[in-house]
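*Asks:* Curious how this folds, go ahead:
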Amino acid sequence: MHIREIPWLEPVEAAERLRALGGLSFLDSAMRHDSLGRYSYVAADPFGKLVVEKGVASWNGAAVDRHPLEAISHYLDLCRLDDQPGLPPFQGGAIGYFSYEFGRLLERLPQPDAPAQGSMPDAAWYFYDVVLAFDHLAGKAWFLSSGLPEVDETARKRKSIERSELFLRLLREEPKQETSKVEQQRITRASWRSNFERDAYMQSVARVVEYILDGDIFQANIAQRFIADLPEGFAKWQFYRALRQRNAATFAAYLDHGDIVIASSSPERFVAVKGDQVETRPIKGTMPRSSDPDEDKNLADILLKSEKDRAENLMIVDLMRNDLSRVCRPHSVLTPVLCGLETYASVHHLVSAVTGRLMEGKSLMDLIRAAFPGGSITGAPKLRAMEIITEIEREARGVYCGSIGFIGFNGDFDGNIGIRTVLFQGGRAVFQAGGGITALSDPAAEYQETLDKAARIFAVFDQGDAQ
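*Replies:* Modelled structure (predicted):
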């Protein structure tokens with residue numbers, strides 16, 4: 001491993017300069033936090049692409065005769081690297097996503113009536129030999145160049161140095177600016193189409209409440225999907241730069257997979273794995289913010305005291321404790337944070353933390369089998385809630401409510417929940433917004449919550465900053 005500390009450069013500017021290499025992945029702590037938003041990572045020009053389509057894994061375009069999780073594990077093992085002390089957690093590996101539909105490869109679940117907008121892989125993980133790692137707390141940045149996939153030690157060392165020099169040259173160059181007219185880049189609120197009218201969404205909420213009262217489930221997460229046609233030449237990267245400013249989040253991300261581009265401003269961690277240590281941080285409970293400080297504080301207090309939101313959060317905590325207990329050591333699953341308040345650009349949230357220690361012999365892939373997709377965006381019990389979601393939403397979710405993050409060559413993982421996330425594909429922009437439905441849910445309030453969550457994304461598209 002060739003390691004080189006470099007002068008501090010804002011991660012977003014580093015990503016701007018490396019975009020020309022193709023295959024850009026940017027895991028972005030756009031909202032700073034001493035632990036949750038401490039690190040950012042930039043990578044480009046991957047040497048390997050593991051893609052899962054219709055349940056079949058492929059490596060650099062060649063089909064792999066293994067279960068997708070086994071395929072991912074196999075190629076990670078071939079590139080196994082140990083941690084270098086004193087550096088950020090991700091020091092090389094794969095960056096990508098599991099779509100929500102990847103869960104259908106782990107459990108027997110019904111198929112939606114319609115696919116996600118466009119043809120989206122179940123999962124896509126790009127393998128990188130060079131990573132730029134940024135520690136916001138320490139104000140330090142590093143090149144980490146492994147020389148992979150070279151096997152010979154001398155060849156690997158030579159490649160690691162050559163690659164880091166290439167990346168360093170690009171960082172010193174001024175990026176080429178995308179140019180387009182502001183008025184061509186705006187997408188107004190009226191341009192968006194939803195798969196639910198207001199009354200239809202409210203009826204769906206009422207239907208879920210009936211399921212709850214009948215004893216089928218305790219809660220389910222129901223979302224509406226927004227779709228808009230993109231103006232010709234729409235600058236997706238500039239859109240993301242505006243999004244990260246207007247809706248800064250701790251688990252933001254930008255993935256450029258060519259015909260698919262993902263721009264995420266997620267505040268929620270699905271799960272993190274460091275050695276045998278596991279943490280998940282489900283969000284349940286949302287309140288819009290106010291520009292008036294006193295009113296904003298009042299709204300936060302209302303959320304903290306909300307019986308409905310607290311009950312919703314506690315149910316998901318129980319679900320996540322159960323999921324982790326399937327692969328974690330007995331008595332190691334704890335809840336150090338229960339219904340804590342976290343504040344973001346447009347909303348307040350109730351967030352809990354559940355931790356555990358993996359059993360001996362259990363791996364990250366065992367944890368993915370046990371816990372994916374995250375319970376905060378399904379409901380409880382998970383499988384029945386997912387069946388009801390499919391019945392009501394009818395369309396595949398795609399990256400929404402999946403997970404975007406990294407898998408290190410050392411076996412560590414950190415992935416978000418793919419909410420507040422826009423998919424660009426086929427000349428369209430698509431994103432969803434939803435909420436957890438309980439027996440105490442008011443259909444009109446639940447519909448409004450989806451609009452509160454979507455408001456900042458609408459505003460970025462409408463302000464014409466994507467230029």
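
*Asks:* For the rest of this, base every contact and every neighbour count on C-alpha atoms.
*Replies:* Fine.

*Asks:* how close does the most far-flung residue of the chain relative to its centre sit to residue 122?
*Replies:* Distance from the C-alpha centroid of the chain peaks at residue 154, with 37.2 Å (Cα atoms, centre = their mean). Distance of residue 154 to residue 122, given as Cα to Cα, to the nearest Å: 37 Å.

*Asks:* now residue 457
*Replies:* Distance from residue 457 to residue 122, by Cα to Cα: 24 Å.

*Asks:* Compare these two and say which is more crowded by neighbours.
*Replies:* residue 122 (25 against 20; other Cα atoms under 10 Å).

*Asks:* Would you check that my belief about residue 4 contacting residue 140 is correct?
*Replies:* No: with contact defined as Cα atoms under 8 Å, residue 4 does not count as touching residue 140 (11.0 Å).

*Asks:* more crowded one of those two?
*Replies:* When residue 4 and residue 140 are compared for neighbours, residue 140 comes out ahead with 17 against 13, by other Cα under 10 Å.

*Asks:* next one: phi and psi at the more buried one?
*Replies:* phi -130, psi 160 (degrees, to the nearest 10).

*Asks:* mind listing what it touches?
*Replies:* 5, 6, 7, 8, 134 (Cα atoms under 8 Å, 6 or more residues apart in numbering).

*Asks:* Please, where are all the strands along the stretch 51-200 of the chain?
*Replies:* Taking DSSP state E, counting those that start in this stretch, the strands of the stretch 51-200 of the chain run over residues 56-59, 62-64, 93-98, 123-128, 130-135, 140-145, 193-194.

*Asks:* Could you say which of those strands is packed most deeply?
*Replies:* strand 93-98 (a mean of 28; mean count of other Cα atoms under 10 Å).

*Asks:* Which other helices and strands does that strand contact?
*Replies:* Counting contacts by 3 or more Cα pairs under 8 Å, 6 or more residues apart in numbering; DSSP states H and E, strand 93-98 packs against strand 123-128, strand 403-408.

*Asks:* now do 10 Å
*Replies:* Counting contacts by 3 or more Cα pairs under 10 Å, 6 or more residues apart in numbering; DSSP states H and E, strand 93-98 packs against strand 25-28, strand 39-43, strand 48-53, helix 68-78, strand 123-128, strand 251-256, strand 403-408, strand 413-416.

*Asks:* Grab the nearest non-local neighbour of residue 50.
*Replies:* residue 59 (4.7 Å; Cα to Cα, 6 or more residues apart in numbering).

*Asks:* one step back: any chance of the helices and strands packed on strand 93-98 in JSON lines, plus mean pLDDT and distance to residue 265?
*Replies:* Below are the helices and strands packed on strand 93-98 laid out as JSON lines (pLDDT from 0 to 100; distance: least, Cα to Cα, whole Å):
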{"stretch": "strand 25-28", "mean pLDDT": "98", "distance to residue 265": "9"}
{"stretch": "strand 39-43", "mean pLDDT": "98", "distance to residue 265": "13"}
{"stretch": "strand 48-53", "mean pLDDT": "98", "distance to residue 265": "23"}
{"stretch": "helix 68-78", "mean pLDDT": "96", "distance to residue 265": "26"}
{"stretch": "strand 123-128", "mean pLDDT": "98", "distance to residue 265": "19"}
{"stretch": "strand 251-256", "mean pLDDT": "98", "distance to residue 265": "4"}
{"stretch": "strand 403-408", "mean pLDDT": "98", "distance to residue 265": "11"}
{"stretch": "strand 413-416", "mean pLDDT": "98", "distance to residue 265": "10"}
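
*Asks:* Same list (those) but as JSON lines, adding distance to residue 92.
*Replies:* JSON lines is the format used below for the helices and strands packed on strand 93-98 (distance: least, Cα to Cα, whole Å):
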{"stretch": "strand 25-28", "distance to residue 92": "12"}
{"stretch": "strand 39-43", "distance to residue 92": "9"}
{"stretch": "strand 48-53", "distance to residue 92": "13"}
{"stretch": "helix 68-78", "distance to residue 92": "10"}
{"stretch": "strand 123-128", "distance to residue 92": "6"}
{"stretch": "strand 251-256", "distance to residue 92": "16"}
{"stretch": "strand 403-408", "distance to residue 92": "6"}
{"stretch": "strand 413-416", "distance to residue 92": "11"}
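
*Asks:* Ok, which of the ones you listed comes nearest residue 342?
*Replies:* Among those, strand 251-256 comes nearest to residue 342, with 13.6 Å by Cα to Cα.

*Asks:* For the stretch 201-350 of the chain, which segments count as strands?
*Replies:* So, for the stretch 201-350 of the chain - with DSSP E, counting those that start in this stretch - the strands run 219-229, 251-256, 260-266, 269-274, 277-280, 283-288, 334-343, 347-357.

*Asks:* ok now the shortest one, how far from the chain's centre?
*Replies:* Centroid displacement of strand 277-280 relative to its chain, using Cα atoms, centre = their mean, to the nearest Å, is 16 Å.

*Asks:* neighbouring strands for it, and are they parallel or not?
*Replies:* Its sheet considered, strand 277-280 pairs with strand 269-274 (antiparallel), strand 347-357 (antiparallel) by DSSP bridges.

*Asks:* Put together CSV for those, with distance to residue 378 on each row.
*Replies:* Putting the strands paired with strand 277-280 into CSV (distance: least, Cα to Cα, whole Å) gives the following:
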stretch, distance to residue 378
strand 269-274, 12
strand 347-357, 16
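
*Asks:* ok so, going back, include distance to residue 369 when you put the contacts of residue 140 into JSON lines, please.
*Replies:* Listed next are the contacts of residue 140 as JSON lines, based on distance: Cα to Cα, whole Å:
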{"residue": "5", "distance to residue 369": "37"}
{"residue": "6", "distance to residue 369": "39"}
{"residue": "7", "distance to residue 369": "41"}
{"residue": "8", "distance to residue 369": "39"}
{"residue": "134", "distance to residue 369": "30"}
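
*Asks:* If we only consider these, which is nearest to residue 230?
*Replies:* Closest to residue 230, out of all of the contacts of residue 140 and judged by Cα to Cα, is residue 134, at 32.7 Å.

*Asks:* need the contact list for the nearest residue in space to the closest one that is not next to it in sequence.
*Replies:* Of all residues not flanking residue 134 in the chain, residue 141 sits nearest, at 4.5 Å (Cα to Cα, 6+ apart). Going by Cα atoms under 10 Å, 6 or more residues apart in numbering, residue 141 touches 4-11, 39-41, 87-88, 132-135.

*Asks:* can we see that at 7 Å?
*Replies:* 5, 6, 7, 8, 133, 134, 135 (Cα atoms under 7 Å, 6 or more residues apart in numbering).

*Asks:* got a pLDDT number for it?
*Replies:* At residue 141, the pLDDT value in this model is 97.

*Asks:* Any idea what it is bridged to?
*Replies:* With DSSP bridges as the rule, residue 141 is bridged to residue 6, residue 134.

*Asks:* The helices and strands packed on strand 93-98: which one's closest to residue 238?
*Replies:* strand 251-256 (11.1 Å).
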